[in-house]
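>>> Could you look at this predicted model? Sequence included:
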Amino acid sequence: MDGPHRTSAPPPPWGRWSFIFIGLIGVVVVGRVIFCCWKGRQQTTQQVTPVGDIEMVAAAP
């Protein structure tokens, strides 16, 4: 491996893209966690107020 030739080469462009890709994955993971927490909170509120039972009674002929 020739050291001087290696240092004169410009940095590879994939370094910045990998950083952007990791950031994008982080945003998706955080968004999914927030979505799951929000959905779980919505389910607990539905359990407290039986909206599903009221809808089933209203749908019944």
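It's in.

>>> Please make it C-alpha for all contacts and neighbour counts, starting now.
OK.

>>> which stretches of the protein aren't confidently modelled?
1-14, 44-61 (pLDDT under 70).

>>> May I ask you to name the longest helix in it?
What stands out as the longest helix in the chain, according to DSSP state H, is helix 14-48.

>>> Which positions in it come out as buried?
Residues of helix 14-48 classed as buried: none (neighbour count, 16 or more other CA atoms under 10 Å).

>>> ok, Gly31 to Leu24 distance?
11 Å (CA to CA, to the nearest Å).

>>> typo on my end, it should be Trp17
10 Å.

>>> ok, now Val30?
Counting by CA to CA - Val30 and Leu24 are separated by 10 Å.

>>> Ok, Cys37 next?
20 Å.

>>> residues in contact with Gly15?
Taking CA atoms under 8 Å, 6 or more residues apart in numbering, we find Gly15 in contact with no residue.

>>> Distance of it relative to Ile22?
Distance from Gly15 to Ile22, by CA to CA: 11 Å.

>>> what do those two both touch?
Joint contacts of Gly15 and Ile22 (CA under 8 Å, 6+ apart) do not exist.
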